[in-house]
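# Sharing a sequence plus its predicted fold:
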Amino acid sequence: MAAQSQGSIMHTKFDLEGRRMTPPISRRDLLLAAAAGTLSLESLAPVMATEPTGNHCDTDPDTSGPFLVKPYVQMGEAPRHLKEEQIAVLWHAPDRDQPWKVEFRSKEATDWTSVESVKETQVVVTGIPPHRVCEAILQPLPPGAIVEYRVRRGENVDFTATTRSRAAVNQSFRCVVAGDLGTGSPQQRKVAYQIDRRQPEFMFVPGDLVYNHGRISEYRSSFYPVYSQETASAEQGSPLMRSTILLGGRGQHDTQAALAHQPDAHAYFLYWSFPLNGPPLEPAGPHVFPLGGSASDEGAFREAAAKRFPGMANYSFDWGNSHWTVLDTWNPHIDWTAPALRSWLREDLARARDSTWKFVSSYMPPFSSSTAYPQGQKMRVIVDILQDAGVDIVFSGYAHSYQRTYPLRFTPDAIPAEPVRDPAQKVPGQWRLDKQFDGHERTRPDGILYIVSGCGGNPQLHSPEQTNNPKTWQPFTAKYEASTHQFTELEINDRRLTLRQISLDGEELDRISLSKP
């Protein structure tokens, strides 16, 4: 298997509506320059002022009822398997005292168990009416159990749903992966409907949960309405979030805003409850994207986010016999050549040595054939760690396409001498490809599979003309599909994994199997 070297391709950018972006420099690049320290936030004021900073017309929800956002299920701060599992239930409520009571029971039980307390966090940001994020922990739960829960105020039952607790090591499970979601588009709603039909136990988003800047107002207009419907339909979306645990990493659009101009930004750290077992990072330290706001705005944000900022930027978790490591990658301040970050990654994967399957989420794809975004190779600097640890699959977003590589092993031409922070960084090198693996007759790959699954809802697909057009692919690419919106499904049964790529119409676009002796 001969080693191959990558050539250079021109880098073209597109905006959300699919228009080609040409010089002068774009607003996105100005933000990136500010984040990297080459421009001040103050110098961007004239540019930023051209974008409306108020809420969308439909983002001020009705405050007369109990909920601003109906309950949804989360993993919470429990990255590892528990003998008695738990589920976090979150919801958003108007900023007033209400007599909350949360109860739950497993499918086999007849009596309800009451949650001891409901944690309420007040969110106060400029431009958004104060509100509360409420959280209740359902515990103890049998692993892999169907669980019914309900949220009450006094004697009134306001909400009831069912979910499933985390699968134990010896239990099979199904999950889905889809990146680049939250625009509120018809395509996003159709994908959500198809995901709901598959009934996954959890959904993982490599990044870009919501567009364009990860704001509270954008979650309210373009995210929650799609996944918090009362019933599932291709036109409206689904009730996915009340039953399916959602996990995710930060992408470009979850990361890049400054509180000085969008004070409701960085909602990732306010609205999710993921594990807090990542590398120790200080809020104003290196590797952390700056909040970029006034002292009062930053103080209010930190009070509401608490230890989730910046702790939730990187984390890991177990599900069934799999281990998932989630990395902050687009952030132009984080440098994955830094010894402390590399040590954390090595140690995290080493602790998962007994897991049958190891997955890594890297929003920036280390290997991509997209002619729209060929340069974002910065995360190749950790591939040596992933190879040493026996990682099976790396999931990415960023490029709005589905891409699957051959199993590959990579050696960089040189170890970068300087920090690698720029999302457009190139890291050339040599790869060795396992072209004997076909995912059907030969199911034991020699190397890591790199999957881009970035077609979850943004209307603009990247380079659809590359679909079934191998002459436009890099040598490491085995499959490229960007003709329609889609998501990735994983079905894991002990030492066999089946990966399917499903379109927004329910069509199977790709299928492979992996097995282990």
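Happy to help now that I have it.
# all contacts plus neighbour counts: C-alpha atoms, from now on.
Fine.
# Show me the helices in the stretch 251-400 of the chain, by range?
Counting by DSSP state H, counting those that start in this stretch, the stretch 251-400 of the chain has helices at residues 252-255, 268-271, 295-305, 308-311, 339-351, 383-389.
# which of the residues in the fourth one are buried?
In other words, helix 308-311. 308, 309, 310, 311 (16 or more other C-alpha atoms under 10 Å).
# How about the contacts made by residue 514?
Contacts for residue 514 (C-alpha atoms under 8 Å, 6 or more residues apart in numbering) come out as 439, 443, 444, 445, 496, 497, 498.
# Could I get the pLDDT score of it?
Looking at residue 514, its pLDDT is 98.
# Please report how far it lies from residue 407.
Noted for residue 514: a distance of 11 Å to residue 407, by C-alpha to C-alpha, to the nearest Å.
# Need the overlap of contacts for the two.
Taking C-alpha under 8 Å, 6+ apart as the criterion, residue 514 and residue 407 both touch residue 445.
# Which members of the contacts of residue 514 are positioned in helices?
Counted as lying in helices by DSSP state H, out of these, is not a single one.
# State the distance from the residue of the chain most remote from its centre to residue 102.
Farthest-out residue of the chain from its mean C-alpha position, per C-alpha atoms, centre = their mean: residue 155, at 37.1 Å. Counting by C-alpha to C-alpha, the separation of residue 155 from residue 102 is 11 Å.
# do the same with residue 492
In terms of C-alpha to C-alpha, residue 492 sits 32 Å off from residue 102.
# Nearest residue to residue 323 in space, please, no chain neighbours.
Spatial nearest neighbour of residue 323, chain neighbours left out: residue 358 (4.9 Å); criterion: C-alpha to C-alpha, 6 or more residues apart in numbering.
# Please apply the same query to residue 192.
residue 237 (5.3 Å).
# Longest strand in the protein, please.
Criterion DSSP state E: the longest strand present in the chain is strand 128-141.
# quick one: that one to helix 295-305, angle?
Put simply, strand 128-141 runs at 20 degrees to helix 295-305, going by axes from the mean of the first three to the mean of the last three C-alpha atoms, to 10 degrees.
# Now do strand 128-141: distance to the chain's middle.
Strand 128-141 sits 20 Å away from the centroid of its parent chain (C-alpha atoms, centre = their mean, to the nearest Å).
# Which of the residues in stretch 353-368 are classified as buried?
Neighbour-count burial for stretch 353-368 flags 355-368 (criterion: 16+ other C-alpha under 10 Å).
# Repeat that for stretch 230-242.
Neighbour-count burial for stretch 230-242, with 16+ other C-alpha under 10 Å as criterion, is recorded at 232, 233, 234, 236, 237, 238, 239, 240, 241, 242.
# just stretch 509-517 next, same as before
Buried residues in stretch 509-517, counted by 16+ other C-alpha under 10 Å: 510, 512, 513, 514, 515.
# Just send the residues you listed back as a markdown table, with distance to residue 277 too.
A markdown table is the format used below for the buried residues of stretch 509-517 (distance: C-alpha to C-alpha, whole Å):
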| residue | distance to residue 277 |
| --- | --- |
| 510 | 34 |
| 512 | 32 |
| 513 | 31 |
| 514 | 29 |
| 515 | 29 |
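# Spit out the contact partners of residue 316.
By C-alpha under 8 Å, 6+ apart, the contact set of residue 316 is 79, 275, 277, 278, 323, 324, 325, 326, 348.
# Just the ones of those residues in strands?
Among these, the members falling in strands (DSSP E) are 323, 324, 325, 326.
# Spell out, range by range, the strands that occur in the stretch 1-150 of the chain.
Along the stretch 1-150 of the chain, counting by DSSP state E, counting those that start in this stretch, strands occupy 4-5, 13-14, 20-21, 69-74, 85-94, 100-106, 113-114, 119-125, 128-141, 146-153.
# Ok, which of those strands comes nearest residue 464?
strand 13-14 (13.4 Å; C-alpha to C-alpha).
# what about residue 124, distance to residue 272?
17 Å.
# oh sorry, the question was meant for residue 266
11 Å.
# ok, these two, which is more surrounded?
Comparing residue 266 with residue 272 by other C-alpha atoms under 10 Å, the one with more neighbours is residue 266, at 25 against 21.
# Isn't that one up against residue 254?
Yes. The criterion here is C-alpha atoms under 8 Å, and residue 266 meets it with residue 254 at 6.6 Å.
# got any residues that touch both of those two?
Common neighbours of residue 266 and residue 254 (C-alpha under 8 Å, 6+ apart) are 213, 214, 215.
# so can I have CSV of these showing distance to residue 135, secondary structure and pLDDT?
What follows is the shared contacts of residue 266 and residue 254, written out as CSV (distance: C-alpha to C-alpha, whole Å; DSSP: H, G, I helix; E, B strand; the rest coil; pLDDT from 0 to 100):
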residue, distance to residue 135, secondary structure, pLDDT
213, 25, coil, 96
214, 21, coil, 97
215, 20, coil, 98
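# between the residues you listed, which is closest to residue 170?
For those, the nearest to residue 170 is residue 214 (37.0 Å; C-alpha to C-alpha).
# burial of the closest one, as a residue count?
Neighbour tally, residue 214, other C-alpha under 10 Å: 27.
# What of residue 157?
13.
# Leaving out sequence neighbours, find the closest residue to it.
Leaving out its chain neighbours, the residue that sits closest to residue 157 by C-alpha to C-alpha, 6+ apart is residue 151, at 6.1 Å.
# which residues touch that neighbour?
Each residue near residue 151 by C-alpha under 8 Å, 6+ apart is listed here: 100, 101, 102, 103, 157, 158, 159, 160.
# Could you list everything it pairs with in the sheet?
When bridges are called by DSSP bridges, residue 151 pairs up with residue 102, residue 159.
# Tell me how far it lies from residue 397.
Separation of residue 151 from residue 397 (C-alpha to C-alpha): 35 Å.
# isn't residue 280 right next to residue 313, touching?
No. Applying C-alpha under 8 Å as the test, residue 280 and residue 313 come out as separate, 10.4 Å apart.
# Which one's more surrounded, those two?
With neighbours defined as other C-alpha under 10 Å, residue 280 and residue 313 compare such that residue 313 has more, 27 against 13.
# Quick check: pLDDT value at the more buried one.
Looking at residue 313, the pLDDT reads 98.
# Just give me the closest of the buried residues of helix 308-311 to residue 114.
residue 308 (26.3 Å).
# thinking again about what came up before, show me what contacts the residue nearest to residue 323?
Contacts of residue 358 (C-alpha under 8 Å, 6+ apart): 322, 323, 324, 352, 390, 391, 392, 393.
# For residue 456, see how far away it is.
Taking C-alpha to C-alpha, one finds residue 358 at 23 Å from residue 456.
# Equivalent analysis for residue 421, please.
For residue 421, the distance to residue 456 equals 26 Å [C-alpha to C-alpha].
# neighbour-wise, which of the two wins?
Comparing residue 421 with residue 456 by other C-alpha under 10 Å, the one with more neighbours is residue 456, at 34 against 20.
# my read: the more buried one touches residue 178, true?
Yes. Residue 456 is within contact range of residue 178, at 5.2 Å (criterion: C-alpha under 8 Å).
# Right, I'll leave it there.
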